[in-house]
Structures are given as structure tokens and as C-alpha cells.
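S.K.: Okay, here's the prediction I keep looking at, along with the sequence it came from:
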Amino acid sequence: VDAMRLSIAIVNWNTTGLLSALLRSIRRYGPAFDYEVIVVDNASDDFHEAEFPDVQLIRNNENLGYARANNQAFAAARGDYVLLLNPDTEITKGAIEALVAFMESHPDAAAAGAKLVRPDGSIDHSVRGFPYPGPIAWEYTGLSKIFAKSRTFGAYRMSYFNYDEIAEVDQ
């Protein structure tokens with residue numbers, strides 16, 4: 001028996017409409033290799049599971065928070081890799097395969113993040129540098145906006161970052 005390649009972990013709390021759209025996108029664009037979907041529901045008022053019987057559901061009686069719920073999903077995961085998704089995301093064609101291929105071709109990488117594209121096609125500027133005192137000061141004084149393409153003044157929000165390239169980032 002081959003090992004499970006991927007576990008997709010999703011924490012839900014009162015976002016069932018968004019979660020349903022995400023699960024439908026996974027069903028539509030899921031990878032060709034073996035994967036599982038684990039939903040940890042943090043005592044949602046609006047959760048219904050009937051549409052997705054193939055999803056492994058962990059139901060909490062109270063809201064344990066995002067971190068603890070993700071830890072529950074990690075404990076249940078059987079995949080070689082774990083993909084954390086928020087309910088307000090949707091998968092696009094080939095995205096999961098690209099992330100797994102990246103991890104397999106970069107064994108020294110502990111984690112990978114995808115380029116986040118908003119529904120209108122714009123890029124969600126999601127990468128950040130570590131919040132050292134200097135970069136935080138540049139944010140506070142506004143120098144980071146004046147000199148947005150500067151690696152010094154734009155260090156925290158990494159405003160100079162090219163989202164079409166693969167690069168190592170702090171966070």
C-alpha cells in the first residue's frame with residue numbers, strides 16, 4: 001500500500017459557506033495522487049456535513065482556537081505533507097501538484113507557501129520579513145511607503161518582492 005501523499009487540513013468556525021466553496025474546489029481541482037481532507041470544526045453554529053461525506057471531520061464541542069485545531073488536524077494527518085488551508089481560500093487547477101512538486105524537489109525546505117491570487121486576479125501581498133525594530137520603524141514613520149521598492153525601507157512588508165519568482169522569505 002502506498003503512503004498517503006497529502007493531508008489537507010482546514011479549520012472551520014462559522015464559515016460554512018466559504019468552507020463549502022473550498023471543498024468543492026478541492027473536489028474539482030484535487031491532485032491525481034492520494035490525498036485526504038481533514039476539517040476541524042470549532043463548534044460552528046452553521047456547520048452541515050452531508051454534502052462532503054468523504055471529508056474526515058473532527059468536531060469540537062467548543063472553539064479551541066486556530067492553533068489547537070490545526071494541531072488536532074496534524075495529529076490525524078496521514079500524508080507525507082500537510083497543506084493548511086483557510087476556509088476563505090479556493091484551489092485552482094494544478095496548484096496542489098505544484099506545491100507538492102516543489103517540496104519534493106527541495107528536501108531542505110520545511111514549508112512552502114503559494115502565491116495567493118484574489119478573486120479579482122490581483123496578488124495578495126502575503127510575504128513578510130521578520131519584524132525587527134528597524135523595519136517596524138520604517139513602517140511607523142511612513143518611509144516604507146515613500147521608498148516601497150527599497151530593500152531597506154520595504155523590509156517588513158517586502159514590498160519589493162516579485163511574486164512570480166520562487167524565493168526564501170522570513171514569513
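M.R.: Structure received. Numbering: from 1, shown residues only.

S.K.: Residue ranges in this protein under the pLDDT threshold?
M.R.: Across the chain, the ranges flagged by pLDDT under 70 are 1-2.

S.K.: check which helix or strand covers I26.
M.R.: With elements taken from DSSP states H and E, the one containing I26 is helix 16-29.

S.K.: Kindly apply the preceding question to V82 instead.
M.R.: Secondary structure here is read from DSSP H and E; on that basis V82 sits in strand 81-85.

S.K.: Any idea how far that strand is from the middle of the chain?
M.R.: 7 Å (CA atoms, centre = their mean, to the nearest Å).

S.K.: Then stretch 72-83?
M.R.: Between the centre of stretch 72-83 and the centre of its chain there are 14 Å (CA atoms, centre = their mean).

S.K.: So for it, what gets flagged as buried?
M.R.: By neighbour count, and taking 16 or more other CB atoms under 10 Å as the criterion, the buried residues in stretch 72-83 are 72-73, 77, 79, 81-83. For the C-beta atoms, the positions are set from N, CA and C on the backbone; glycine is no exception.

S.K.: and G94, how far is that from S126?
M.R.: Relative to S126, G94 is positioned 19 Å away (CB to CB, to the nearest Å).

S.K.: Neighbour count: these two, which is higher?
M.R.: S126 (15 against 11; other CB atoms under 10 Å).

S.K.: which residue sits closest to that one, ignoring its sequence neighbours?
M.R.: For S126, the nearest residue in space outside its immediate sequence neighbours is L116; the separation is 5.1 Å by CB to CB, 6 or more residues apart in numbering.

S.K.: so what's that neighbour up against?
M.R.: By CB atoms under 8 Å, 6 or more residues apart in numbering, the residues touching L116 are 89, 123-124, 126.
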